[in-house]
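Student: Curious how this folds, go ahead:
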Amino acid sequence: MTLEDRPSSTPTDQPSDNTTLVEVVDGYKAAGFVTDFWAEEGATVRCGECQSVLPASKLAMHSMRRLEGASDPADMATVVATSCPVCGAEGTMVLGYGPASSDVDAGVFSALADRRDDDTLPPDSPPNEAPTPS
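Tutor: Next comes the predicted model:
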């Protein structure tokens with residue numbers, strides 16, 4: 001499934017508060033996604049655990065949480081929960097999105113394998129933000 005194939009979230013799927021980037025990353029870390037990943041040139045990603053540099057298309061996006069700056073809505077970031085196919089490390093990568101996104105971040109984001117339907121994590125938030133069943 002590509003990002004374009006996935007239906008967009010409804011407003012009730014997203015927290016409506018001013019959650020910070022640190023809170024989102026900490027939420028994923030609490031779920032065991034503790035390794036840092038970095039976007040690099042050529043739609044590649046570096047794993048902070050084994051230092052492998054891989055095509056972004058080889059990494060699964062298990063979950064993604066978009067944020068907008070509280071003081072500047074144009075300040076947009078995406079936290080992606082992913083895993084390394086070489087060493088198995090699970091962690092996060094922060095990417096810019098929207099019109100101000102860098103070419104590096106945009107290339108990586110568009111190449112990631114969208115696996116948000118794999119039930120590893122809630123698709124659009126860290127587990128600590130996921131709506132609880134009523």
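Student: Residue 36 looks like it's in a strand, true?
Tutor: Yes. The assignment for residue 36 is a strand, going by DSSP: H, G, I helix; E, B strand; the rest coil.
Student: Report the contact partners of it.
Tutor: Contact analysis of residue 36 by Cβ atoms under 8 Å, 6 or more residues apart in numbering lists 48, 91, 92, 93. No exception for glycine: its C-beta is placed from N, CA and C like everyone else's.
Student: Specify the beta-bridge partners of the nearest residue to the first one once chain neighbours are set aside.
Tutor: Nearest residue to residue 48 in three dimensions, chain neighbours excluded: residue 36, at 3.9 Å (Cβ to Cβ, 6 or more residues apart in numbering). Taking DSSP bridges, one obtains residue 92 as the residues bridged to residue 36.
Student: how about the contacts of residue 36 in CSV, adding distance to residue 126 and neighbour count?
Tutor: Shown next, in CSV, are the contacts of residue 36 (distance: Cβ to Cβ, whole Å; neighbours: other Cβ atoms under 10 Å):
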residue, distance to residue 126, neighbour count
48, 18, 16
91, 12, 21
92, 9, 24
93, 14, 27
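Student: Nearest to residue 65 among those?
Tutor: When the contacts of residue 36 are compared for distance to residue 65 (Cβ to Cβ), residue 92 wins out at 9.3 Å.
Student: what about residue 67, neighbour count?
Tutor: By other Cβ atoms under 10 Å, 19 other residues sit near residue 67.
Student: Just confirm it is within a helix.
Tutor: No. Residue 67 sits outside any helix when classified using three-state DSSP, being strand.
Student: what bridges to it?
Tutor: Judged by DSSP bridges, the bridge partners of residue 67 are residue 77.
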